[in-house]
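1. One predicted model, sequence on top.
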Amino acid sequence: MITTVPSDFRAALPEGGRLIGLDVGTKTIGTALCDAGWSFASPAQLIRRTKFTKDKAALVELITAQQVRGMVIGLPLNLDGTDSPRTQSTRAFARNLEDLGFPILMWDERWSTVAVERTLIEQDASRAKRAELIDKMAAAYILQGAIDALVNT
């Protein structure tokens, strides 16, 4: 099941469980994990994109090790809320993960990278450090927004 509706996603996971958040880029996939009670999200690992089968295998390994029950994928909409080519490729990525059997929530990520980059700049992180952290921190930002909405539905 793939949805953009938090209440539908919540209904698919009546007992909660750990979630994984993904910030899917063209070169990397930032990942984040949350606790089973959906309180807080933390950056996890950065997956360097190669071929889809290898990317999926790396995700499955992380999902299995962390006993993940559901997935939140950042949806890169245009500022006016319409789809872009990146949005379409992210939706295709989600469809290709649907066979894992997890509910998938597509979550609006329009400001995630900007917000995380500002935070890193405020913390005086170097450009190299920002490049290393930004995708997985954006995944945590996306996941935190989603779990906040899920807890309040």
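-> Here it is on my side, so go on. Numbering: from 1, shown residues only.

2. List phi and psi for the spatially most central residue of the chain.
-> Taking CA atoms, centre = their mean, the centroid of the chain lies closest to residue 22, which sits 2.3 Å from it. Main-chain dihedrals, residue 22, degrees, to the nearest 10: phi -130, psi 130.

3. list the contacts for it?
-> By CB atoms under 8 Å, 6 or more residues apart in numbering, the contact list for residue 22 reads 29, 30, 31, 32, 59, 71, 72, 73, 74, 139, 142. Yep, even glycine has a C-beta here, placed from its N, CA and C like the rest.

4. beta partners of it?
-> residue 31, residue 73 (DSSP bridges).

5. what about it, distance to residue 14?
-> Between residue 22 and residue 14 the computed distance is 23 Å (CB to CB, to the nearest Å).

6. how about the helices of the protein, start to end?
-> 6-12, 52-66, 85-97, 112-122, 127-151 (DSSP state H).

7. which stretches of this structure aren't confidently modelled?
-> Low-confidence segments of the chain, defined by pLDDT under 70: 110-134, 153.

8. what about 90?
-> For the chain, the stretches flagged by pLDDT under 90 are 4, 7, 10-17, 25-28, 36-37, 76-89, 108-141, 144-145, 148-153.

9. that older thread, could you find which two of the contacts of residue 22 are furthest from each other?
-> 59 and 142 (15.3 Å; CB to CB).

10. what about those two, which has more around it?
-> residue 142 (27 against 20; other CB atoms under 10 Å).

11. how far away is residue 97 from residue 145?
-> 20 Å.

12. could you dump the helices of the chain to CSV with distance to residue 104?
-> Below are the helices of the chain laid out as CSV (distance: least, CB to CB, whole Å):
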stretch, distance to residue 104
helix 6-12, 8
helix 52-66, 12
helix 85-97, 5
helix 112-122, 17
helix 127-151, 11
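
13. most neighbours per residue, which of the ones you listed?
-> helix 127-151 (a mean of 20; mean count of other CB atoms under 10 Å).
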